[in-house]
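Peer 1: Give me a model of this one.
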Amino acid sequence: MTANLHTQPDDITYWNQFRLGNDVALGQLMNRHYASLYQYGCSFSNRPDLVDDVIQDLFYSFWNRRAALPDVVYVKTYLLSSLRNRLIDIMRKPNRMIWHTDMDLNETDLFAGEFIIEQQQIDDEQQQEQTKQLQQLVSRLSKRQREVIYLRFYQDMDNEAIAQLMRVNRQSVANLVSSALLRIRQNWRPYSLLLISLSGAISLT
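Peer 2: Predicted structure coming up:
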């Protein structure tokens, strides 16, 4: 159901060019993936401006370390993983007021984003109510379940890429996706709308 689109052929070309010193190629990667990085980063922080700063700093560090960076096949996965690791490192610093305050840094499930199911294109009143119910159910999932659902459906990543990003095995990702969808299905009758909503009408705050 989910296409393996977490990277594109040009990503690898740009990555290799930038590692050889092509700053334009690095700019192309940033332009292509900034929106995905920003959305994902905002799931960890209450301060979007700081997320932007961290992303800018991440690419600056890439440039300074370009000769030491590895060959990468799944570029988007590598970028998201690098951002996730940097955000977690920053969260462990004393000034935690800039991050979501309900996080326990001893936990591994640090994803605090909430899904917003877009309703502007839903005219039917009953469908609008069903969409609200779906949003409530997704918000009740564990942080880790919400993260895999977000990465799977919103970032269009497959289980292998998600496993690499979250540093878990592929079966753990499959189990999280399955348990999340099962919990929603058990508590929500119009389940067929889920796949439509998750695949095309989700934003993240």
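Peer 1: Now do the helices in this structure.
Peer 2: Across the chain, reading from the start of the chain, the helices by DSSP state H fall at 9-19, 23-41, 48-64, 75-91, 125-139, 143-149, 159-166, 170-187, 192-200.
Peer 1: which stretch in those is the model least sure about?
Peer 2: The stretch with the lowest mean pLDDT among the helices of the chain is helix 192-200, which comes in at a mean of 50.
Peer 1: what sits against residue 164?
Peer 2: Contacts were defined as C-beta atoms under 8 Å, 6 or more residues apart in numbering; by that measure residue 164 touches 74, 77, 81. Just so you know, the C-beta spots here come from the backbone N, C-alpha and C atoms, and that holds for glycine as well.
Peer 1: burial measure for the first one, as a count.
Peer 2: Right, the one you point to is residue 74. Counted with other C-beta atoms under 10 Å, the burial measure for residue 74 works out to 20 neighbours.
Peer 1: For residue 165, see how far away it is.
Peer 2: Remark: distance between residue 74 and residue 165 (C-beta to C-beta, to the nearest Å) = 9 Å.
Peer 1: now residue 49
Peer 2: Using C-beta to C-beta, one gets 24 Å for the distance from residue 49 to residue 165.
Peer 1: okay, the two: which has more neighbours?
Peer 2: Taking other C-beta under 10 Å, residue 49 and residue 165 do not tie; residue 165 has more neighbours (27 against 9).
Peer 1: Distance of the closest residue in space to the more buried one that isn't next to it in sequence relative to residue 38?
Peer 2: The shortest distance from residue 165 to any residue that is not its chain neighbour, by C-beta to C-beta, 6 or more residues apart in numbering, is 4.5 Å, and that residue is residue 81. The span separating residue 81 from residue 38 equals 16 Å under the rule C-beta to C-beta.
Peer 1: Apart from its neighbours in sequence, what residue is nearest residue 177?
Peer 2: Closest to residue 177 by C-beta to C-beta, 6+ apart is residue 148, at 5.4 Å.
Peer 1: For that neighbour, grab the count of nearby residues.
Peer 2: Residue 148 has 28 nearby residues by other C-beta under 10 Å.
Peer 1: Please apply the same query to residue 50.
Peer 2: Look at residue 50: counted by other C-beta under 10 Å, it has 17 neighbours.
Peer 1: dump the residue contacts of the residue nearest to residue 51 when sequence neighbours are not counted.
Peer 2: Closest residue to residue 51 in three dimensions, ignoring its sequence neighbours and counting by C-beta to C-beta, 6+ apart: residue 41, at 3.9 Å. Under the criterion of C-beta under 8 Å, 6+ apart, the neighbours of residue 41 are 51, 54, 55, 83, 87.
Peer 1: Which residues are in contact with the third one?
Peer 2: The neighbourhood of residue 55, defined by C-beta under 8 Å, 6+ apart, consists of 30, 34, 37, 38, 41, 83.
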